[in-house]
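Q: got a predicted structure here, sequence first:
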Amino acid sequence: MRLNVIGMLFGIAFGGVLAASNLHEYDTIHAMLRLDEFDVFWFMASAIAVSAPLLDLLERRGMNTPFGGELSLSRSMPEKHHVQGGALFGIGWALAGTCPAPALVMVSSGAMLGLVAIPGIFLGLHLRERQQQSDQHVGDGEHRMAVTSDH
Amino acid sequence: MFDALPDRLAWFVGGPILGLLIVGLFVVANQPLGASGAYVQTSGLIRRRSDVVVWRVWYFVGLFAGGLLVTQVFREGAEIRSGYDAMRDVFPLWATIPLVFGGATLLGYGAAVAGGCTSGHGMCGTAQRSPASVAVTVTFMATAILTTFVLRIATGGDL
């Protein structure tokens, strides 16, 4: 229960930052990928620059998280499916001009073509899941999705 | 409604805030601030699977709600529109719809194969300094820029 509320709050905050930064607009992503404007690259780089050292520090301190046990980062080695999946993702990203989180904000901002993008994303994820008969690779990065219940 | 936010938050404000959110979700739940996993869990809930990670579904709802809050409440209130202005300048609607749908399907499939998307691998994965995530990110950045370039050539520089 508490984790559901926390999850929703993180969603709201993430969606809010994306919206405030206009990352839900096709035109923003398109200008980035055309290399006309570098703001989104800097946006991503600064998010990583802030989070990477903090995560490193917390992991080395063996931080205990209230809902997920000891903080553990995953550093897996690249495999073929990473490059293949990444390549397809990039082509789709350029065509649709959006990706999973911004597509949701696209709709809440009133841009109705987001209602075309979201079912497409669901379909793509589902096709892969059916093909594999398991969702072992489907998730958020390489981090396991083990946190299912509240404590 | 309130017009309280600027038209666009500067990257050096938004980026670090997002960085802190990434750290925050690890601190609270030891989990990445990704998005494709939320889609997987939400579709699992719709299909009544038994092993659904419910908080990821609330997170999915939250993403939508956060966008609503910023675009409709903290800003003047965006009207209903098609979106995709730059694409609509070049293509009619009947061509835009399959392009967006096809692209979205491809990126969903690719995210499933790679094990994450722009947030899961691109930001959270590289923030964990995972070599796999760096490989995914470099690859999708390269093919996305290349695809955009090809589209630009194909449309005679219009798109």
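A: The structure has been received and is ready for your questions.

Q: surely residue A:111 and residue B:81 touch.
A: Yes. Contact status for residue A:111 versus residue B:81: in contact at 5.9 Å, counting by C-beta atoms under 8 Å. All C-beta spots, glycine's among them, are computed from the backbone N, C-alpha and C.

Q: so between these two, which is more surrounded?
A: For residue A:111 versus residue B:81, the count of surrounding residues by other C-beta atoms under 10 Å in any protein chain shown is larger for residue A:111: 24 against 13.

Q: which SS class is the closest residue to the more buried one other than its chain neighbours?
A: Nearest residue to residue A:111, sequence neighbours excluded (C-beta to C-beta, 6 or more residues apart in numbering or on different chains): residue B:83, at 2.6 Å. Here residue B:83 is recorded as coil under DSSP: H, G, I helix; E, B strand; the rest coil.

Q: so what's residue B:83 up against?
A: By C-beta atoms under 8 Å, 6 or more residues apart in numbering or on different chains, residue B:83 lies in contact with A:25, A:26, A:106, A:109, A:110, A:111, A:112, A:113, A:114.

Q: how about the contacts made by the fifth one?
A: The reference is to residue A:110. By C-beta under 8 Å, 6+ apart, the residues touching residue A:110 are B:71, B:72, B:78, B:79, B:80, B:81, B:83.

Q: kindly recompute the last result at 10 Å.
A: B:67, B:68, B:71, B:72, B:77, B:78, B:79, B:80, B:81, B:82, B:83 (C-beta atoms under 10 Å, 6 or more residues apart in numbering or on different chains).

Q: same question, the fourth one
A: Taking C-beta under 10 Å, 6+ apart, we find residue A:109 in contact with A:18-19, A:22, A:24-25, A:102, B:67-68, B:70-72, B:75, B:78-81, B:83.

Q: in ChimeraX, select just the buried ones from those residues.
A: Of the contacts of residue A:109, the buried ones go into a single ChimeraX selection, burial set by 16 or more other C-beta atoms under 10 Å in any protein chain shown:
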select /A:18,19,22,24,25,102 /B:67,68,70,71,72,75,78,83
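
Q: where exactly do the helices run in chain A?
A: Counting by DSSP state H, chain A has helices at residues A:2-20, A:26-33, A:39-60, A:80-96, A:100-108, A:114-132.

Q: actually chain B, sorry about that
A: Under DSSP H, chain B gives helices at B:11-29, B:36-46, B:54-68, B:85-88, B:93-114, B:126-127, B:131-154.

Q: out of those, which is closest to residue A:67?
A: helix B:11-29 (4.2 Å; C-beta to C-beta).

Q: so the closest one, near chain A or not?
A: Yes. Counting by C-beta under 10 Å from any C-beta of the partner chain, contacts between helix B:11-29 and chain A involve B:11-29.

Q: elements contacting that helix?
A: Counting by 3 or more C-beta pairs under 10 Å, 6 or more residues apart in numbering or on different chains; DSSP states H and E, the packing neighbours recorded for helix B:11-29 are helix A:2-20, helix A:39-60, strand A:64-65, helix B:126-127.

Q: quick one: contacts of the last one?
A: Under the criterion C-beta under 10 Å, 6+ apart, residues A:44-45, A:47-56, A:73, A:141, B:19, B:22-23, B:26, B:32-33, B:133-134, B:136-138 lie in contact with helix B:126-127.

Q: name the nearest residue to residue A:112, ignoring sequence neighbours.
A: Distances taken as C-beta to C-beta, 6+ apart put residue B:82 closest to residue A:112, at 5.6 Å, once the chain neighbours are dropped.

Q: residue contacts, the one you found?
A: A:26, A:110, A:111, A:112, A:113, A:114, A:116, B:88, B:93, B:96, B:97.

Q: and those residues, which are buried?
A: A:26, A:110, A:111, A:113, A:114, A:116, B:88, B:96.

Q: the fifth one reaches residue A:108, doesn't it?
A: Yes. In this structure, residue A:114 is within contact of residue A:108 by C-beta atoms under 10 Å, at 8.3 Å.

Q: shared neighbours of the two, anything?
A: What both residue A:114 and residue A:108 touch, as defined by C-beta under 10 Å, 6+ apart, is the set A:24, B:64, B:67.

Q: dump these to a markdown table, plus pLDDT.
A: Shown next, in a markdown table, are those (pLDDT from 0 to 100):
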| residue | pLDDT |
| --- | --- |
| A:24 | 97 |
| B:64 | 98 |
| B:67 | 97 |
